[in-house]
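Enquirer: Pasting the sequence and the predicted coordinates here, then a few questions.
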Amino acid sequence: MYPINVDLRNRPCLVIGGGTVAERKAARLLDEGAAVTIIAPTATDTVKDWAASHRLTWKARPYEAGDEKPFFLIICATDDEAVSRIASQAAEEAGKPINVCDVPELCSFTLPAVVRQGDLQLAISTNGKGPAFSRWMRQRLEKCFDDRYSRWLNEVARVRSAAKEALPSSKERHAFWRTALSDDIMDLVEANDIDEAGRRLFQKLIEFERSRHET
């Protein structure tokens, strides 16, 4: 599998199915800003509420081959094997990416388990071989992956912006970042001293920019 992050903001996405699994998949798509449509004869109360409040569109009918054509991405979350196979084949013929929950052989892409802190995400994938293991790993990482890292990412972004101004060439910026995140700085991050870690990182940029003028 080739890992990729996709911007789904305002993109039309289809979820086939209206049960609890479909609800979870729709919720994640909504969190990413997608324009979500659910096709299913019945739906959970939450899905009905989302439809009533216009957070998504619910078409209360069975899926039919061809329904996928207007959509950028399809997730099939139904326990009807026949529907899953029809949807997978139709998506393949239409050149649409599809994930069929828990049936990797019918998927053109799989969904990793995700640990998120702000803009920082860790994705765990088993290429569809062990979703339960992905969930276990996510739960384990959530215990140690706290907001230190999202706050540190903000500091790194601040210094990165300054580096773009101070170092005019990408070659120089790459040279700086190759050594910038040293063990002593990352030890401070681990110790939750984000301010000091940020100060030292910025100081490294100043020293690097100064040495550039001296050589």
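Expert: Now that the structure is in, tell me what you want to look at.
Enquirer: Nearest spatial neighbour of Glu190, chain-adjacent residues omitted?
Expert: Arg148 (7.6 Å; Cβ to Cβ, 6 or more residues apart in numbering). Placement of C-beta: from N, CA and C, glycine included.
Enquirer: ok, so what distance separates that neighbour from Leu201?
Expert: Noted for Arg148: a distance of 15 Å to Leu201, by Cβ to Cβ, to the nearest Å.
Enquirer: repeat for His213
Expert: Taken as Cβ to Cβ, the span from His213 to Leu201 is 20 Å.
Enquirer: what do you get for Val115?
Expert: Counting by Cβ to Cβ, the gap from Val115 to Leu201 is 24 Å.
Enquirer: ok so, going back, quick one: which of His213 and Leu201 has more around it?
Expert: Per other Cβ atoms under 10 Å, whichever of His213 and Leu201 has more neighbours is Leu201, with 24 against 6.
Enquirer: Please look at that one and Ser182 and confirm they touch.
Expert: No. Between Leu201 and Ser182 there is no contact under Cβ atoms under 8 Å: 9.0 Å.
Enquirer: Determine the residues that are contacts of both of those two.
Expert: Both Leu201 and Ser182 lack any common contact, where contact means Cβ atoms under 8 Å, 6 or more residues apart in numbering.
Enquirer: which residues touch stretch 206-215?
Expert: Ala166, Leu167, Glu172, Ala175, Phe176, Ala180.
Enquirer: quick one: contacts for the last one?
Expert: When contacts are counted by Cβ under 8 Å, 6+ apart, Ala180 is found next to Val159, Leu201, Lys204, Leu205, Phe208.
Enquirer: Tell me the secondary structure of Pro3, please.
Expert: coil (DSSP: H, G, I helix; E, B strand; the rest coil).
Enquirer: What are the phi and psi values at Arg116?
Expert: phi -130, psi 140 (degrees, to the nearest 10).
Enquirer: just Gln121 next, same as before
Expert: Dihedral angles for Gln121 - degrees, to the nearest 10 - are phi -130, psi 140.
Enquirer: excluding its backbone neighbours, what's nearest it?
Expert: Gln121's closest residue in space is Val114 (Cβ to Cβ, 6+ apart), at 5.6 Å.
Enquirer: Now do the contacts for the one you found.
Expert: Gln121, Leu122, Ala123, Ile124, Arg138.
Enquirer: cool, Met186 as well?
Expert: Met186 neighbours (Cβ under 8 Å, 6+ apart): Ala197.
Enquirer: Is it within a helix or a strand, and which one?
Expert: helix 183-190 (DSSP states H and E).
Enquirer: residues of the helix or strand that that helix is followed by that come out buried?
Expert: Sequence order places helix 194-214 as the next helix or strand after helix 183-190, per DSSP H and E. Within helix 194-214, the residues scored as buried using 16 or more other Cβ atoms under 10 Å are Ile194, Ala197, Gly198, Leu201, Lys204, Leu205, Phe208, Glu209.
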